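Enquirer: A predicted structure for the sequence below; I have some questions about it.
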Amino acid sequence: MTPRRAHKVREPKGAAPPAGRSLLVVHAAELLTLRGPPGARTRGAASELGILEDGAVYVVDGRIVKVGVTAEVLRDHPRAARTIDASGRTVLPGFVDAHTHAVFAGSREGEVDWKAEGLGYAEIADRGGGILHTVGATRAASEDELVRDAAGRLRAMAAHGTTTAEVKSGYGLTTADELKILRAAERAGELAGVRVVRTFLGAHAVPPEYAGRPDAYVDAIVSEGLDAVASARAASFCDVFVERGYFSTEQARRILEAAIVRGLGAKVHADELSDTGGAALAADVGAVSADHLIHVSDAGVEGMARAGVLATLLPATSLASRMPFADGRRLVQAGVPVALGTDLSPATWCESMQLVLALARHHNGLLAAQAIVAGTINAAHAIGRAAEVGSLEPGKIADLVVLDVPSYRHLGYRIGGNAVVEVVRRGRVAVSRGLT
């Protein structure tokens, strides 16, 4: 598609901007509205972007009022307190990162060499790396230190176009430390200007004090951890890492069913290292999403499609951990709604959803439009925020990104770099790179 040559905005003399905080974005070569059916997008709908050429968006007090072609929008709303001329550029909803572990202390850069030497997940853990290494550092860190470091990561994500992100706990593995992480996630989001949705992942690994007693640790999560998280309203979801050496499907079922009773949505780290039945469990308990899915079985895919469980794919993890890439095309064709996330963590230090979309196109088998749907509206469904973000429609929160590319097909075609010109969150310019 060749974008129509746009013209500059001409504001009528004497027109005053409306009362309240207002914003106009005009003359987008392509405005990707992502408008469509109310549920998560599957099959054919997973490629529908709702494209408007020479598109415009009008915003008042952080909410979208009108979306349409520029001439139509300017006819009804000729002026605003601020106008962004997006001539020759692509405008789309702010990226929604559906899976991160953004709050942690320390780093694990040495593991990159171990992976290059051929060590796998379990072997790295046996050498003192992996999740429990980060648990030690995170327990030792103060809440303020965690907030400071996480805010820096979230700011980097925002600079690449992310306006909403899920953040999991999971590096504390005691009730007090898990709550510390969840509080830090909320505070870091406020500082960085990124909307954060929190997930309790107390069942990320069995902590050292429960070594050899995983059932006892599950008892502690069910009897103490979940009550504390629910009472503090510290999370919207509960997640479990279902994998050999971590938590079985039976243990995960206990935790997730107890979480659902307490009003938390269910999520599953499923079938990442092997087929352990995580996807089938997610379907059985009515989870919102199952994440990773590198080794998901046919039965798991069928169950997710029937139950409407979203598949959150994490291609940066496959890249960083030298693992296969999940078959996104298989999931789309089976009728499973697909979302994307960075999996930002000490093992996968990726802050760019633009890179994730590129990897999804090159390695997960997603088409350009499918990757964008997965990184916006479907990701919003995966974290329970699709009623407010993920598409550009009247009434929704005005989170959007202006990219210095002429067409959506350049997302994923250009690998690396940062095409962001401006990021708008709640109708305010939160990031501006000042490109001309």
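Expert: Looks like it came in fine.

Enquirer: what about the nearest residue to residue 24 once chain neighbours are set aside, distance to residue 391?
Expert: Among residues not flanking residue 24 along the chain, residue 80 sits closest, at 4.1 Å (Cβ to Cβ, 6 or more residues apart in numbering). No exception for glycine: its C-beta is placed from N, CA and C like everyone else's. From residue 80 across to residue 391, the span is 21 Å (Cβ to Cβ, to the nearest Å).

Enquirer: What about residue 191, how many residues nearby?
Expert: If you count neighbours by other Cβ atoms under 10 Å, residue 191 ends up with 15.

Enquirer: Also residue 79?
Expert: Neighbour tally, residue 79, other Cβ under 10 Å: 16.

Enquirer: Distance of it relative to residue 22?
Expert: 8 Å.

Enquirer: I'd assumed residue 55 was in a strand, is it?
Expert: Yes: the assignment for residue 55 (DSSP: H, G, I helix; E, B strand; the rest coil) places it in a strand.

Enquirer: ok, so what distance separates it from residue 151?
Expert: 33 Å.

Enquirer: In terms of neighbours, single out the busier of the two.
Expert: Each of residue 55 and residue 151 has its neighbours counted (other Cβ under 10 Å); residue 55 has more, 26 against 21.

Enquirer: Would you map the helices across the stretch 1-150 of the chain?
Expert: For the stretch 1-150 of the chain, the helices defined by DSSP state H, counting those that start in this stretch cover 70-76, 110-116, 121-126, 130-140, 143-159.

Enquirer: Least reliable of the ones you listed by average pLDDT, please.
Expert: Across the helices of the stretch 1-150 of the chain, helix 121-126 has the smallest mean pLDDT, namely a mean of 84.

Enquirer: Could you chop the protein up by domain?
Expert: With domains defined by automatic domain parsing, the chain comprises 22-93+391-432, 96-382.

Enquirer: First-to-last residue distance for the longest one?
Expert: Think domain 96-382. Across its full length, domain 96-382 reaches 9 Å between end residues, using Cα to Cα, to the nearest Å.

Enquirer: roughly how far out does that domain sit from the chain middle?
Expert: The chain centre lies 10 Å from the centre of domain 96-382; the measure is Cα atoms, centre = their mean, to the nearest Å.

Enquirer: buried set for the lowest-mean-pLDDT helix or strand in the chain?
Expert: Of all helical and strand segments in the chain, the minimum by mean pLDDT, DSSP states H and E falls on helix 121-126, at a mean of 84. For helix 121-126, burial by neighbour count (16 or more other Cβ atoms under 10 Å) applies to 121, 124-125.

Enquirer: Just send those residues back as TSV, with distance to residue 261 too.
Expert: TSV is the format used below for the buried residues of helix 121-126 (distance: Cβ to Cβ, whole Å):
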residue	distance to residue 261
121	32
124	36
125	32
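
Enquirer: for the residues you listed, which one is nearest residue 287?
Expert: Residue 287 lies nearest to residue 121 out of the buried residues of helix 121-126, by Cβ to Cβ, at 22.7 Å.

Enquirer: any idea what sits nearest that closest one, other than its immediate chain neighbours?
Expert: Excluding its sequence neighbours, the residue lying closest to residue 121 (Cβ to Cβ, 6+ apart) is residue 273, at 5.8 Å.

Enquirer: My understanding was that that neighbour contacts residue 295; is that so?
Expert: Yes: with contacts counted by Cβ atoms under 8 Å, residue 273 reaches residue 295, the gap being 7.1 Å.

Enquirer: picking up where we left off before, pick the most buried one from the domains of the chain.
Expert: Mean neighbours per residue, mean count of other Cβ atoms under 10 Å, is largest over the domains of the chain for domain 96-382, with a mean of 22.

Enquirer: next one: phi and psi at residue 79?
Expert: phi -140, psi 160 (degrees, to the nearest 10).

Enquirer: Kindly state the pLDDT recorded for it?
Expert: So, for residue 79, pLDDT stands at 94.

Enquirer: related to what we said a few turns ago, closest to residue 27 out of the helices of the stretch 1-150 of the chain?
Expert: Taking those one by one with Cβ to Cβ, helix 70-76 is closest: 5.2 Å.

Enquirer: now that closest one, how far from the centre of its chain.
Expert: 33 Å.

Enquirer: Mind listing residues that contact it?
Expert: 6, 9, 24, 26-28, 54-58, 66-67 (Cβ atoms under 8 Å, 6 or more residues apart in numbering).

Enquirer: Next, find the distance separating residue 398 from residue 37.
Expert: Counting by Cβ to Cβ, the gap from residue 398 to residue 37 is 22 Å.

Enquirer: Likewise for residue 324?
Expert: From residue 324 over to residue 37 (counting by Cβ to Cβ), the distance is 32 Å.

Enquirer: Need the contact partners of stretch 260-267.
Expert: 199-200, 226-227, 229-230, 235-240, 256, 259, 282, 285-291, 384.

Enquirer: one more time with 6 Å, if that's ok
Expert: 226, 230, 237-239, 256, 285, 287-289 (Cβ atoms under 6 Å, 6 or more residues apart in numbering).

Enquirer: Can you tell me, leaving aside adjacent residues, what's nearest to residue 401?
Expert: residue 161 (4.2 Å).

Enquirer: Show the contacting residues for the one you found.
Expert: Per Cβ under 6 Å, 6+ apart, neighbours of residue 161: 95, 401, 420, 423.

Enquirer: Mind doing that once more with 8 Å?
Expert: Here residue 161 is in contact with 94-95, 353-354, 401, 403, 420, 423 (Cβ under 8 Å, 6+ apart).

Enquirer: Redo these as a markdown table? Include distance to residue 429, pLDDT and secondary structure.
Expert: Listed next are the contacts of residue 161 as a markdown table, based on distance: Cβ to Cβ, whole Å; pLDDT from 0 to 100; DSSP: H, G, I helix; E, B strand; the rest coil:
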| residue | distance to residue 429 | pLDDT | secondary structure |
| --- | --- | --- | --- |
| 94 | 12 | 98 | coil |
| 95 | 16 | 98 | strand |
| 353 | 19 | 98 | helix |
| 354 | 19 | 98 | helix |
| 401 | 11 | 98 | strand |
| 403 | 14 | 98 | strand |
| 420 | 12 | 98 | strand |
| 423 | 7 | 98 | strand |
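
Enquirer: how about JSON lines for these, with distance to residue 141 added?
Expert: Shown next, in JSON lines, are the contacts of residue 161 (distance: Cβ to Cβ, whole Å):
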{"residue": "94", "distance to residue 141": "29"}
{"residue": "95", "distance to residue 141": "28"}
{"residue": "353", "distance to residue 141": "26"}
{"residue": "354", "distance to residue 141": "29"}
{"residue": "401", "distance to residue 141": "32"}
{"residue": "403", "distance to residue 141": "35"}
{"residue": "420", "distance to residue 141": "30"}
{"residue": "423", "distance to residue 141": "29"}
